[in-house]
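# Pasted the sequence and its predicted model underneath.
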Amino acid sequence: MTERLVIRQPDDWHVHLRDGDMLALTVPHTARHFRRAIVMPNLVPPVTTAAAAAAYRSRISKAVPAGVQFTPLTTCYLTDATEPAEIKQGWEEGVFAAAKLYPAHATTNSAHGVTDPARLWDVFAIMQRLGMPLLIHGEATNPDIDIFDRENVFIDRVLTRLLDDFPDLKIVLEHITTAEAVDFILGASANVAATITPHHLVINRNAMFEGGLRPHLYCLPVAKRERHRRALRRAAISGNPKFFLGTDSAPHAITAKESACGCAGIFNAPYALETYAQVFEEEKALDKLEGFASVHGPNFYGLPLNTTYVALERGGVDIPQAVAAPDGTRVVPFLGGSRLGWRFAGIVAAAPQRAQSRA
C-alpha cells in the first residue's frame with residue numbers, strides 16, 4: 001500500500017479568492033498547495049480592464065504568506081461592452097492570462113455578464129488570433145430552462161455555434177458537471193478542455209438534501225445525478241490531457257450561506273489536494289493524479305511545468321467544522337467535520353522516489 005505520494009506541484013486552474021479582508025483567508029489556503037492559480041474576476045465591481053486586473057493581482061500578492069511561492073494569474077471579466085483593444089492590451093502586458101465569459105445572472109456576481117455572446121464576436125476573433133484562452137461558465141440562464149439542464153442547453157445552443165465560428169479558439173469549459181459535457185469535450189478538437197472540481201467528484205445532487213437542506217453543498221452549476229458524478233470521475237482519472245484540476249473554490253461567510261437566499265459556492269481550498277487524492281485512490285488511479293493536477297493544465301495554457309514537488313502522506317486529516325479569517329469571518333470548508341485518508345505533507349524541492357510502498 002502506498003504510504004507517501006510525491007507529485008509535481010499542482011496549479012489550480014479555477015479559483016475564487018474574493019477580495020478585501022477575505023484574501024487573508026483564501027490566499028494562504030490556495031498557496032499552501034498550488035504554485036499558480038487562475039483567479040476569477042467576478043468581484044464587485046468586476047475586473048474588466050487591464051488596470052483593474054493589475055491592481056487585483058497586487059492585492060492578492062500582498063496576502064501570500066512570507067516565504068511561499070505563488071503566482072496569481074488574473075483574468076478579464078467579459079461584458080457586452082468589452083473592447084478587443086482592452087483584451088489585446090491586457091494579454092500583451094501579461095496581466096490577463098485568460099478572459100472569462102459569465103452568462104448574465106448565471107452565478108455569483110454575474111449581473112454584468114454577457115447577455116448574448118454574439119455581441120463579442122470581435123473579442124473572440126482577437127482572442128483566437130492571440131491564442132488567449134476563453135474560460136466559460138457554461139450554463140444557459142433562460143428562466144424556462146430546468147436548472148439541472150442548463151449546462152447541456154448551453155453546450156447545444158451557444159458553445160457549438162461559438163466553435164463553428166472560431167474553431168481555433170482555446171476554450172476551457174469550467175467546472176463541468178454532466179456526462180454530456182464529458183462527451184462533448186472528448187469529441188471536440190484539442191483546443192477545447194475542461195476543469196473538474198473536487199466537490200463534483202465527491203457529491204451528487206442528493207447530498208444537498210440529505211437530512212434537510214444543506215446550503216454549504218449548494219454551488220453553481222449544481223451537482224447532478226449519480227451517473228454524472230461517475231462520468232466525471234472516469235474523465236478525471238482517464239489520463240486524457242483535456243481534463244485538469246480546477247477547484248472552483250468559492251467561499252462565502254456562514255451568514256451568507258445560511259440565509260433566506262443562500263449564496264452559491266463551496267469553499268474547498270483548504271483540503272482540495274487531499275480530496276482529489278482520496279478520489280483517485282478510490283478509483284485505483286493514484287498514478288494518474290499528477291497528470292490531472294500538475295501537467296495537463298500547464299500544457300494546455302502553454303506554461304512551463306512547476307519544478308517543485310509536493311508530498312502527500314497516508315494517515316489522514318480531520319477537516320474542521322469551520323475556518324475563520326483574521327477579521328473573524330467564519331466559513332464552512334467542504335467536507336467540514338469529516339476525515340480524509342491523506343494529508344498534505346508539504347513542498348519538496350526536488351523529485352525523490354515518487355511512491356514508497358510497504359507490504
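Okay, I see it.

# Could you pull out the helices in the protein for me?
Using DSSP state H, the helices of the chain run over 23-33, 50-62, 84-92, 121-130, 150-154, 160-165, 179-187, 198-202, 226-236, 254-257, 272-282, 289-290, 296-301.

# Pull out the buried positions in the longest one.
For helix 50-62, the neighbour count (16 or more other CB atoms under 10 Å) marks 50, 52-54, 56-57, 60 as buried. Placement of C-beta: from N, CA and C, glycine included.

# hang on, the earlier thing: between the helices of the chain, which one is nearest to Q321?
Shortest separation from Q321 across those is recorded for helix 254-257, at 10.0 Å, computed as CB to CB.

# A269 versus E282, what's the distance?
Separation of E282 from A269 (CB to CB, to the nearest Å): 21 Å.

# So for those two, which residue has more residues nearby?
A269 (32 against 14; other CB atoms under 10 Å).

# residues touching the more buried one, list them.
12, 15, 26, 29-30, 33, 247, 249, 251, 333 (CB atoms under 8 Å, 6 or more residues apart in numbering).

# can the residues you listed go into a markdown table with extra columns for pLDDT and distance to T108?
Converted to a markdown table, the contacts of A269 look like this (pLDDT from 0 to 100; distance: CB to CB, whole Å):
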| residue | pLDDT | distance to T108 |
| --- | --- | --- |
| D12 | 99 | 18 |
| V15 | 98 | 13 |
| T26 | 98 | 14 |
| H29 | 98 | 18 |
| T30 | 98 | 17 |
| H33 | 95 | 23 |
| T247 | 98 | 15 |
| S249 | 98 | 12 |
| P251 | 97 | 11 |
| P333 | 98 | 18 |
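
# bridging residues for the closest residue to F300 other than its chain neighbours?
Closest residue to F300 apart from its sequence neighbours, by CB to CB, 6 or more residues apart in numbering: A193 at 5.1 Å. Beta-bridge partners of A193, counted by DSSP bridges, are V172.

# burial count for A193?
Neighbours of A193 using other CB under 10 Å come to 26.

# can you tell me how far it sits from P241?
8 Å.

# ditto for L289
Distance, L289 to P241, by CB to CB: 14 Å.

# Of those two, give the one with the bigger neighbour count.
L289 (23 against 15).

# ok, that one - contacts?
Here L289 is in contact with 5, 7, 276-277, 280 (criterion: CB under 8 Å, 6+ apart).

# of all those, which comes closest to D80?
Using CB to CB, the contacts of L289 come closest to D80 at Y276, 36.2 Å.

# Touching, that closest one and L201? I think so.
Yes: the pair Y276 / L201 is scored as a contact, 7.5 Å apart, by CB atoms under 8 Å.

# Which one's more surrounded, these two?
Y276 (26 against 21).

# measure the closest residue to the more buried one other than its chain neighbours to A104 for me?
The spatially closest residue to Y276, leaving aside those adjacent along the chain, is P198, at 5.5 Å (CB to CB, 6+ apart). Look at P198 and A104: by CB to CB, they are 28 Å apart.

# Repeat that for R225.
R225 sits 27 Å away from A104, going by CB to CB.

# Let me see the contact set for Y56.
Counting by CB under 8 Å, 6+ apart, Y56 has contacts 19, 39, 41, 43, 47, 74.

# ok, now with 6 Å
Residues near Y56 by CB atoms under 6 Å, 6 or more residues apart in numbering: 47, 74.

# and stretch 206-217, how far out from the chain's middle?
Its chain's C-alpha centre and that of stretch 206-217 lie 22 Å apart, by CA atoms, centre = their mean, to the nearest Å.

# typed the wrong thing, it's stretch 204-218
21 Å.

# Buried residues of that stretch, list them for me.
The neighbour-count check on stretch 204-218 (16+ other CB under 10 Å) flags 204-205, 208, 215-218 as buried.

# now do stretch 82-102
Those would be 82, 84, 86-88, 90-91, 95-102, for stretch 82-102 by 16+ other CB under 10 Å.

# Identify the farthest-apart pair in those.
Between any two of those (CB to CB), the greatest distance is 20.8 Å, for K88 and Y102.

# Leaving aside the residues adjacent along the chain, what's closest to S238?
Counting by CB to CB, 6+ apart, the residue nearest S238 is K288, at 7.5 Å.

# One more: A190?
Per CB to CB, 6+ apart, closest to A190 is K242, 7.6 Å.

# Surely that neighbour touches D183?
No: K242 sits out of contact with D183 when judged by CB atoms under 6 Å, with a separation of 11.6 Å.

# neighbour count winner among the two?
When K242 is set against D183 and neighbours are counted by other CB under 10 Å, the residue ahead is K242, at 20 against 13.

# where's the spatially closest residue to G131 that is not a sequence neighbour relative to L159, distance?
Using CB to CB, 6+ apart and skipping the chain neighbours, the partner closest in space to G131 is K170 (6.4 Å). To L159, K170 is 13 Å away according to CB to CB.

# L5 now?
Counting by CB to CB, the gap from L5 to L159 is 35 Å.

# do the same with P326
Distance from P326 to L159, by CB to CB: 41 Å.

# And for R57?
29 Å.

# again with S58
34 Å.

# tell me the pLDDT at A104?
Confidence at A104, expressed as pLDDT, is 86.

# how many neighbours does the residue nearest to it when sequence neighbours are not counted have?
Of all residues not flanking A104 in the chain, G113 sits nearest, at 4.1 Å (CB to CB, 6+ apart). For G113, the neighbour count with other CB under 10 Å is 22.

# Enumerate every residue touching G113.
102-104.

# Return the closest of the residues you listed with respect to C263.
Distance ranking of the contacts of G113 against C263, using CB to CB, places Y102 first at 15.3 Å.
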